[in-house]
Structure formats: structure tokens, C-alpha cells
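Peer 1: The following comprises the amino acid sequence and a computationally predicted model.
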Protein chains: 2
Amino acid sequence: MNDEVFMSRALALASQGLWSTSPNPRVGCVFVKQGKVIAEGFHQRAGGPHAEVAAINQTKDSLTGATAYVTLEPCSHFGRTPPCCQTLAKLNLERVVVAMTDPNPLVSGRGLSVLKQAGFQVDVGILEEEALQLNRGYIKRMKQQGPWLFGKVAISIDGGMALASGESKWITGDKARQDVMTLRAQSCAILTGVKTVIQDNPLLNVRLDHLDKIPKPMVRQPDLIILDTRLSLPLDARLLTTLDSRNIVVIVGEGLADKKRQQQLSSMGVEVITLPVSTEGVDLNVLQQWLKTTEYNEVMVESGPTLMSQFLQHHLLDELVVYQAPMLMGKGSQMLYQVQTTKLTEAARFTLIDSQVIGDDIRSRYQRKAEPELQP
Amino acid sequence: MNDEVFMSRALALASQGLWSTSPNPRVGCVFVKQGKVIAEGFHQRAGGPHAEVAAINQTKDSLTGATAYVTLEPCSHFGRTPPCCQTLAKLNLERVVVAMTDPNPLVSGRGLSVLKQAGFQVDVGILEEEALQLNRGYIKRMKQQGPWLFGKVAISIDGGMALASGESKWITGDKARQDVMTLRAQSCAILTGVKTVIQDNPLLNVRLDHLDKIPKPMVRQPDLIILDTRLSLPLDARLLTTLDSRNIVVIVGEGLADKKRQQQLSSMGVEVITLPVSTEGVDLNVLQQWLKTTEYNEVMVESGPTLMSQFLQHHLLDELVVYQAPMLMGKGSQMLYQVQTTKLTEAARFTLIDSQVIGDDIRSRYQRKAEPELQP
């Protein structure tokens, strides 16, 4: 029971890094001696001290005989900082409690081995589920499966994302829109389609005045990825004014982009990447391969109904975050899912993770159900 | 503060009558002396003792000097039982606390007057909002506005009620379907369209084996109202087997029903009522007028997308209860709202009352926003 309490505290500390640790994982650490927390810390940003070191730095007392609670297996490799498992090994701890092993192929059990060799009792798997959720993006990437892709949509009770006219401002209320800012702040990148840029002319960045729960100095701007098969991004799009605070990547279709326009964008500081196309535009499966080459842990898809539906149809979204407004849009509205389903057994199914009321709207998080294995 | 605590208890008692008091309201009563509850009771069914009398019958001690907490103004008229205000007046109470006045034109303040004339301090309006919610159907009917009409729908995340093929079984999970049983058990009548009867052949009754939270002896079967413009109800429809436990009313279009079929149904015990038609079928505004002539407090509309959409379009639903399943139905599915909206400012809007996870699904209750007053 005590293990859960102290690991809970370590997880709460870790989550303070929600907005700032990427590409590193969010990690917290608590040192406990005679039932009391004597030092605690979390990893704040890549290049800075790891959680274990942040905690050690917090106290001048001896840690000999203490138990360390760490939300992720202490690292075993030399990165920008020395391996934490060796730092811990010098402390003469009694026990190390770890929520989950680090899926990073450079660590993956080696950190635990070092601690055991130091003679410590090592217990793994305390509050593992919570630890997994906190770093699902990092974990997926470390398993070479690319970033955690989640789609964010604002819809009516009857599933409309926009009217037939394209009108979609504003479906949800102010509190829901503020909540979206926290999703953006957690993301390494926002991914959208050029149609959304042309139609809504959005900034797609994190506005600090909309964030009341996050310490402002920790907030970073997520990168922006724009799918733009024919490179029709307007050179005066508002989002280009955010170039000084973030990377903007435009993905164009092979052989479909005007060279002069491409040069203009490059000279502004936009990265233009060329990928093969499918009948729908930039090939989303190839896009996913490209995403695996990045250091993005979590990528948030914010797009119109057409692109969102394509991501859903190709089973590319790990998660769908739905903000549902108390209105009916009715016939002819542009629906979230534009694929025809002929039998209910073939409908795209999800698992509801949580649902809560936010202002006048409901926010629900769904995770994709694993596709049924094909029979050989 | 104490007033709220004791009234809360009275409301909890009142809600034990959720399934059984109609056409009477749900009422609870608590007697308190020197800060202690000395007697409590609730109204169980029409013709039985009112809450005040049920509470009085519970104790042999003197109630002189006690405070009575009642969730609804004590009645002042002779119905099937003598007026409760006079019963209370004889008790030499110190104070009577009432959550809300009774909108029944036969009471409406007269009960309070009698209590004041008896020399009691009378306080009204404690937890009034909760009391209003508990009896919203009774209140609406007493104000001559007919029953509280609420629609129940099971939809996908993207607002589908059925696939293009008509397939709609089963969208939601078992727990949501059980929850629907409690909604039915609270209703005086279920209203549906004949299309649903023909397509799904449902029973549309309360199945006791699906109710785990309600004392079985209290459960009554709601009446059933079927809109059947051309009287095409199959004589072997399963729901006709429930005739021994409930009234079934079939509403047919004026001059559109086959006389022989009508007689067959009548001889089975079905009540057939003829109403004028509009272009959509039975005229729903006339139907609403007819509903005002009934003693129904709450009527639950359980129908397919076409009829539900008509009820919504004509602003006849006071409330919409949405069970949303974690799936996407996609293009071509039959949508909850089949009316074209051209501007978001014209979209049908609701107020979210509550939302909770039930099994794998989300249940959300929405109340209709008052229509904007037309300018003269």
C-alpha cells in the first residue's frame, strides 16, 4: 500500500513535465526513509537533470538506507547526462521501486540489472498502468512504432464537424477551446491539412493567455506539420507568423509542388518535405513511416472532416479526443466519419477511456481497439 | 444548513416513489425534533397514504413542537385521502419546511395558508431545484402543458442511429440497455412509431430481470402509445402480448385506418384513437394536445430516426437522453437529426444536464433551450 502512495507522488511529480520533457519521457522520483519523503524531483527538460538527480540535489541528508521510487527504469546509457542507475548504485539504497521498465533499446532492463548488482532489492510494476499512460507516446516511439497519434475533433451531438457550407466556428464553448490548448501544449507537433489552413486561417499554436493551469515558463510551442499535396499554402497564412517560435513542416506530394513557391517557403524558414501520393493525397501510410524518423512522442491531428476520416479509415489514430457540443447540425453536415459501413459488426470501434463535462460540452477520450487478427 | 440536510433526506425518500406514484407526484416527508429525525415516510402510490401521513404513521411519539420537512406543499384538497395540511395543522408543529409549492391549481398556496393560519412558521424553497427535477412531469402537467416528453436515443460517436440498411441492433452495451429499463420504469407511457414495431418487433416494456436497483413490487408497466398513421400494426406483434399488464393506445390518421383491422385490435383490448394528419403523418402538434388530456406525467419517446427527428424539429421534446456507443457508423447511416441547418446560429441547441459513463457507453441528458421569443 505504501508503495502505491509514494509511487503516486512520483507520478504526480512526473506529470509536471507533461509540457516540457520531449523527446525525453516524463519521469518523477521520490526518496523515502523511515516512511517519510526526504527528497523528490522530476525531469523538466531534455539536457537538464533526470528525475533521480533532481531529487538527490534537493537534499543534503544521507540517502543511505533509503528507498527510491522512480516512475521509469533509471537510465543505463550515457546521453546528455551520466547513467542514473550508476548514480543510484553509489547511494547504498535499501530498495528501488520502479513503475515500469524503459522500452528504450539502450536501457530495457540494463538499468535494473545494475541496481540489482549493487545489492538493492528492486521491485518493478507498481502503478505500471498509470506510468504507461503518462508516457504512451515515448513508449510507442521507443518500440519503433512512431509517435502516439491522436485526433481532436469538435462535433455536434449528431456527429457533425461542419455544416454543408463549411461553417464550423464555433461549435464548442470557451472552456473546451481552452482545454484544447492543454492538449496542444502536451504535443510535440500538430498535424493538419492545408484545407483547414485556407478555410479557417488558424494559428494552431499554444496561446499562453488560454492556459491557466500550466506554469508558463515550461510551455513550448509544438511543431506544425501541414499536409499540402499541391502546395497551396497561402504565403500570408497567419500560422506562418509563428515561425519564430516553432518548426513548420509542409508535406507536399511527389512532383506536385510548384518549385518557386517551394523556394519561397524554404526561404521563410519552412521545411518542405516531399512524399509519394495515393489517390487521397499524400500517402498516409508513407507519412506514418516518415513520422517514425522524427523524435515526436505525441502528435495531435487537428484537421477537417475529410482528412480526419482518412486517418480513422486507415486506423492511424491511436486515440480520438471528442469535444461534443449540445447542438444538432442535421442533414448535409460534414461528418466525422465519411466511410460507408454496411454491417454493425464492421463499424470502427473504440474503447472509452474517460469522459467529462467541460463547460457546456463533453470531452471523451477513445482509444482504438486493436484490429482483429487476420486468420491465416 | 440543517434544513438542507433534512430536506435532502426527504427528497431521497420521495425518489423511492420514482416508479410508482403517477399520476401523483413523488413526495417525501421527515419529522425532526431536537435535531433528530423521529419519523419519515414517502408517497408510494396513488390512493395510498401521502408522505406526511406515511411519516406520522411511523411513530407513536408526540410530534408536538417538531419541524416537518416536506418536498412538496402539503395538499389542501380532498382527493382519495383527506387534505394533509389539515392533518399537519392538528399536530402543533413548530415549523414546516417545504421545498416547493404545489402547482396543482387545487392546491397552489392554499396548503401553505392553512399551515400559517395554524400558527406554524412556514419556510418555502429549500432545495427547490432538486424538488422541481424530481417532479418535472407532474409540474408540467399541472401547468396545463402536458406531460414531460423525453426522447431516448442510442447513437454512435458520429450521430448514427442505424445503418443505411436499417440495422441498429445492438449499438450500445448491456449496461446501457439495462439503464434504459429504469427510464421506462419511471415513465407513464412509452411512445413509438409503427415502423420501429415492424422493423425491430420490440416489447417496449419493463423487464424485471434487467432491473437490479428497483424494488420489484413497486414496478409498473408504462402504457404504450404507437403512432400508426395507416394502421399497419401487425396483429402478431410481440408487444401485443404485454396487453395483460398495460394499456396500449394506437393513434391512427383520420380516415386512413382500415375499419376491420381497427375492430380486430379493439377486440384484443387495444385502444384506437383517430387524430388529424399532417404531411408527415399523425399531426404531432395535435398529438401534443391529446397528450394534455391524459394523466401522463412523463412520456418517453423511443422511436427510429425519422419520428425522433420530427419531434426534435417541432421542439416537442423537453429532454433528450443520448446513449453514445464507442463506434463510428459513417456515411449513409440514418442520423438522429434529419433537418438541414444552414447556419450554426440556427442549429438546434440544448443545455447539458449531466453526463456519465455507463458500461462502455456514455449517457448524456440534454434539456431543450427555450426558443428565442419572437419579436412583436
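Peer 2: Arrived safely, thanks for sending.

Peer 1: Show the backbone phi and psi for the residue of the stretch 1-150 of chain A found nearest chain B.
Peer 2: Nearest residue of the stretch 1-150 of chain A to chain B: A:Phe150, at 14.5 Å (CB to the nearest CB). Quick note: C-beta positions are derived from backbone N, CA and C, even for glycine. Dihedral pair for A:Phe150: phi -130, psi 140, per degrees, to the nearest 10.

Peer 1: residues near it, how many?
Peer 2: Close neighbours of A:Phe150, defined as other CB atoms under 10 Å in any protein chain shown, add up to 25.

Peer 1: just A:Asp258 next, same as before
Peer 2: A total of 12 residues lie near A:Asp258 under the criterion other CB under 10 Å.

Peer 1: Now do the same contact list for it.
Peer 2: When contacts are counted by CB atoms under 8 Å, 6 or more residues apart in numbering or on different chains, A:Asp258 is found next to A:Leu231.

Peer 1: Do a quick rundown of the helices in chain A.
Peer 2: Counting by DSSP state H, the segments of chain A that form helices are A:2-14, A:51-56, A:84-89, A:110-117, A:128-134, A:136-142, A:174-186, A:194-200, A:259-268, A:284-292, A:305-313.

Peer 1: How far off centre is the last one?
Peer 2: Looking back up the chat, that one is helix A:305-313. 19 Å (CA atoms, centre = their mean, to the nearest Å).

Peer 1: Let me know whether the residue of the stretch 1-150 of chain A closest to chain B touches A:Leu316 as I believe.
Peer 2: No. Assessed by CB atoms under 8 Å, A:Phe150 is found out of contact with A:Leu316, at 10.5 Å.

Peer 1: care to break chain A down by domain?
Peer 2: With domains defined by the TED database, chain A comprises A:3-139, A:146-368.

Peer 1: Need these in a markdown table (columns: mean pLDDT).
Peer 2: Listed next are those as a markdown table, based on pLDDT from 0 to 100:
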| stretch | mean pLDDT |
| --- | --- |
| domain A:3-139 | 94 |
| domain A:146-368 | 95 |
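
Peer 1: how close does A:Gly253 get to A:Asp283?
Peer 2: Distance of A:Gly253 to A:Asp283, given as CB to CB, to the nearest Å: 9 Å.

Peer 1: residues shared between the contacts of the two?
Peer 2: In contact with both A:Gly253 and A:Asp283: A:275-277, using CB under 8 Å, 6+ apart.

Peer 1: So which of those is the closest to chain B?
Peer 2: Taking CB to the nearest CB as the measure, chain B sits nearest to A:Val277 out of those, at 23.0 Å.

Peer 1: how many other residues sit next to the closest one?
Peer 2: 17.

Peer 1: Count the residues that sit near the nearest residue to A:Met218 once chain neighbours are set aside.
Peer 2: Counting by CB to CB, 6 or more residues apart in numbering or on different chains, A:Met218 lies nearest to A:Ser20, which is 4.5 Å off, once chain neighbours are set aside. By the criterion of other CB under 10 Å, A:Ser20 has 21 neighbours.

Peer 1: swap in A:Gly119?
Peer 2: 10.

Peer 1: and it, how far is that from A:Phe6?
Peer 2: Between A:Gly119 and A:Phe6 the computed distance is 21 Å (CB to CB).

Peer 1: now do A:Gln44
Peer 2: A:Gln44 sits 20 Å away from A:Phe6, taking CB to CB as the criterion.

Peer 1: A:Ser156 now?
Peer 2: Between A:Ser156 and A:Phe6 the distance is 45 Å, computed by CB to CB.

Peer 1: Looking at those two, which one has more neighbours?
Peer 2: Set A:Ser156 next to A:Phe6 and count neighbours by other CB under 10 Å: A:Ser156 wins out with 30 against 21.

Peer 1: show me the residues around the more buried one that make contact.
Peer 2: A:Ser156 neighbours (CB under 8 Å, 6+ apart): A:171, A:324-325, A:327-329, A:333, B:159, B:347.

Peer 1: so it bridges to which residues?
Peer 2: A:Ser156 has these beta-bridge partners by DSSP bridges: A:Ala325.

Peer 1: Kindly list the longest strand within chain A.
Peer 2: strand A:348-358 (DSSP state E).

Peer 1: in the stretch 201-350 of chain A, which spans are strands?
Peer 2: A:223-227, A:248-253, A:271-275, A:277-278, A:281-282, A:298-301, A:319-325, A:327-328, A:334-335, A:348-358 (DSSP state E, counting those that start in this stretch).

Peer 1: Name the residues of the stretch 251-376 of chain A found near chain B, please.
Peer 2: A:312, A:320, A:322, A:324, A:326-333, A:335-344, A:347-352, A:354-357, A:360-362, A:364, A:366 (CB under 8 Å from any CB of the partner chain).

Peer 1: Fine by me, we can end here.
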